[in-house]
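Q: sequence plus predicted model, see below.
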Amino acid sequence: MAFTISQAAPLKFKLTKQGGAKMTMRIAVFKDPLTPQQQRVRLLFMGNARSKTEVQTLEALEAGVYQVVAVNIIEEAVSGTYDYAASLNGHVFAERSGDVNTTSGLDVEPVIHRENLAVI
């Protein structure tokens, strides 16, 4: 579901996580998604900090249509359990919980989230 943010507001990304799984989330923001003019305008990585909550602030976007694409790589570590939520300026665009530990070997699970947004 699309959401709207102000072009005057910086981009405040927040990731809250729980569980024993290791995760790295790659978040890209694309302007004019699904058009020939599509271009990536912001990129950040979250999830590597030891804290349960990470916040990163990026420069505001100009008015237009955008898409946030988050790829989260979840790996078995202390355990395979995980629970996370990622938000942009208070709007949750990615959340999931589960257990990546489903076999006797090292388990890895990629998860992709997409959300459209308008900057006005």
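A: Structure's in. What do you need?
Q: quick one: the residue nearest in space to the middle of the chain from residue 59, how far?
A: What sits nearest the mean C-alpha location of the chain, by Cα atoms, centre = their mean, is residue 70, with 4.0 Å. According to Cβ to Cβ, to the nearest Å, residue 70 stands 19 Å off from residue 59. (Glycine included, C-beta is placed from N, CA and C.)
Q: beyond the helix or strand hosting residue 26, next helix or strand please.
A: Using DSSP states H and E, residue 26 maps to strand 22-31. Once the chain leaves strand 22-31, the next helix or strand it forms, by DSSP H and E, is strand 39-46.
Q: only alpha carbons, please: show that following strand as CSV.
A: The C-alpha trace of strand 39-46 is given here as CSV (Å, rounded to 0.1, in the frame of the first residue of the first chain):
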residue,chain,number,x,y,z
GLN,A,39,17.0,5.3,-11.1
ARG,A,40,18.3,4.4,-7.6
VAL,A,41,18.6,7.6,-5.6
ARG,A,42,19.3,6.2,-2.1
LEU,A,43,21.0,3.1,-0.7
LEU,A,44,21.7,1.9,2.8
PHE,A,45,22.5,-1.2,4.8
MET,A,46,21.0,-2.0,8.2
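Q: before we move on, the earlier item: by contact count, what packs against the strand holding residue 26?
A: With contacts defined as 3 or more Cβ pairs under 8 Å, 6 or more residues apart in numbering; DSSP states H and E, strand 22-31 has these neighbours: strand 11-18, strand 39-46, strand 64-75, strand 81-88.
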